[in-house]
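Colleague: Got a sequence here, can you model it:
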Amino acid sequence: MKRGTVVWVDLSDTQPPEMGKVRPGIIVPGTPHNEVLNTIVVVPTSSVAPEIRPLRLAVGRFAGQSSFAVIPGIRQVRTSRPKGALGELSHDQLTALDECLEAYLR
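Modeller: All right, here's what the predicted structure looks like:
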């Protein structure tokens, strides 16, 4: 699983305010980490606008809708949860995501 890939991911088994259901999510760690661990870290996306940096970042259209990375929703999931790929973030989008993650996690 490649860093920056947008995949369908099952985020069920949650309680509010956690984001649940099957939705697009962005794979965050680099590919070498994903090849040796049985978990990955994803940032879920939402179609709810607007962009509010560093908490919500516009990342393009996936699954037929405008998509926003929801930075506070970052979570670790088993590698069995991600399903089919929907696309990839561009280099600029991935850089912007990294900047939002850094600002949020500081």
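
Colleague: C-alpha from now on. contacts and neighbour counts both.
Modeller: Fine.

Colleague: got the contact list for the helix-or-strand element of the chain with minimal mean pLDDT?
Modeller: One helix or strand of the chain scores below all others by mean pLDDT, DSSP states H and E: helix 31-36, with a mean of 79. Outside helix 31-36, the residues that touch it by Cα atoms under 8 Å, 6 or more residues apart in numbering are 1-3, 40.

Colleague: just checking, what's the longest helix in the protein?
Modeller: helix 91-105 (DSSP state H).

Colleague: List the buried residues of stretch 71-87.
Modeller: 71-74, 77, 79, 82, 85 (16 or more other Cα atoms under 10 Å).

Colleague: farthest-separated two in the residues you listed?
Modeller: Comparing all pairs in those by Cα to Cα, the longest separation belongs to 72 and 85, at 22.1 Å.

Colleague: What confidence value was assigned to the residue nearest to residue 63 when sequence neighbours are not counted?
Modeller: The shortest distance from residue 63 to any non-neighbouring residue, by Cα to Cα, 6 or more residues apart in numbering, is to residue 86 (7.0 Å). Per-residue confidence (pLDDT) for residue 86: 96.

Colleague: hang on, residue 86 packs against residue 6?
Modeller: Yes. Using Cα atoms under 8 Å, residue 86 is in contact with residue 6, at 5.4 Å.

Colleague: Is the closest residue to residue 24 other than its chain neighbours part of a helix or strand, or is it coil?
Modeller: In space, and not counting its chain neighbours, residue 24 is closest to residue 8: 4.5 Å by Cα to Cα, 6+ apart. What DSSP: H, G, I helix; E, B strand; the rest coil gives for residue 8 is strand.

Colleague: quick one: contacts for residue 8?
Modeller: Residue 8 neighbours (Cα under 8 Å, 6+ apart): 22-25, 82-86.

Colleague: So which of those is the closest to residue 54?
Modeller: residue 25 (16.8 Å).
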